[in-house]
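Visitor: here's a sequence, model it:
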Amino acid sequence: MTTVEEALEGSTPLAQKVRAAGPYRSGAQLIAQMRAMLPMLTDEEKVATLNAHPRIGEDPEQLSSRSLKEQGADQLPADRLPELRQLNEDYEGRFGFRFVVFVNRRPKTDIVKVLQARLRRTREEELQEGLRAIVAIAEDRLRT
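Guide: Numbering: from 1, shown residues only. Below you'll find the model as predicted:
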């Protein structure tokens with residue numbers, strides 16, 4: 001049996017709905033259910049799901065061991081940390097939810113560029129992109 005807890009962190013609206021539709025015999029079945037559930041979430045549920053994800057560049061003390069491993073141990077140079085914090089704040093102020101990206105162990109310097117580019121998109125594009133990233137992260141967790 002594959003569980004929602006193996007794939008998602010926290011008890012987000014997406015996790016609650018997917019859990020209620022289980023159990024799942026495989027990770028592929030669970031991921032398919034996540035994708036099927038995304039369009040059924042209200043805007044508020046989508047935002048709550050994204051906001052449960054840790055910020056990129058979050059203080060390592062605040063991250064789960066799983067998120068810390070996924071975000072990687074690389075550190076931005078000290079002079080770039082304020083830039084990452086500001087970009088996160090700008091993103092959250094513009095869109096009303098947290099920036100979520102499938103890091104896939106890329107260095108944080110690459111993620112800064114992604115964040116800068118995504119700030120130029122629409123709220124709807126970002127909402128959908130962030131939710132796709134949540135599922136991609138879950139899929140990766142089930143593979144590893």
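Visitor: so residue 87 sits in a helix?
Guide: Yes: with DSSP: H, G, I helix; E, B strand; the rest coil as the criterion, residue 87 is assigned to a helix.
Visitor: surely it meets residue 119?
Guide: Yes: between residue 87 and residue 119 a contact is recorded at 7.2 Å, counting by Cβ atoms under 8 Å. Quick note: C-beta positions are derived from backbone N, CA and C, even for glycine.
Visitor: if you average the pLDDT over the helix or strand hosting residue 134, what comes out?
Guide: Residue 134 is located in helix 123-143, with elements delineated by DSSP states H and E. For helix 123-143, mean pLDDT rounds to 95.
Visitor: excluding its own residues, what touches it? List them.
Guide: The contact list for helix 123-143, computed with Cβ atoms under 8 Å, 6 or more residues apart in numbering, reads 2, 6-8, 14, 27, 30-31, 34-35, 38, 41, 43, 46-47, 49-50, 53, 66, 70, 94-102, 104, 118, 121.
Visitor: about what we covered before: neighbour count: residue 87 and residue 119, which is higher?
Guide: residue 87 (20 against 14; other Cβ atoms under 10 Å).
Visitor: for that one, what are its contacts?
Guide: Listed by Cβ under 8 Å, 6+ apart, the contact partners of residue 87 are 99, 112, 115-116, 119.
Visitor: please repeat the previous calculation with a cut-off of 10 Å.
Guide: By Cβ atoms under 10 Å, 6 or more residues apart in numbering, the contact set of residue 87 is 56-57, 99, 111-112, 114-116, 118-119.
Visitor: and what of residue 100?
Guide: When contacts are counted by Cβ under 10 Å, 6+ apart, residue 100 is found next to 49-56, 91, 126, 129-134, 136-137.
Visitor: let's see it at 6 Å
Guide: Going by Cβ atoms under 6 Å, 6 or more residues apart in numbering, residue 100 touches 50, 53, 130, 133.
Visitor: most neighbours among the contacts of residue 87, which one?
Guide: When neighbours are taken as other Cβ under 10 Å, the top entry among these is residue 99 (25 neighbours).
Visitor: ok, that residue to residue 52 distance?
Guide: 13 Å (Cβ to Cβ, to the nearest Å).
Visitor: quick one on the thing from earlier: considering the contacts of residue 87, which is situated nearest to residue 82?
Guide: Checking those against residue 82 with Cβ to Cβ, the nearest one is residue 57 at 10.4 Å.
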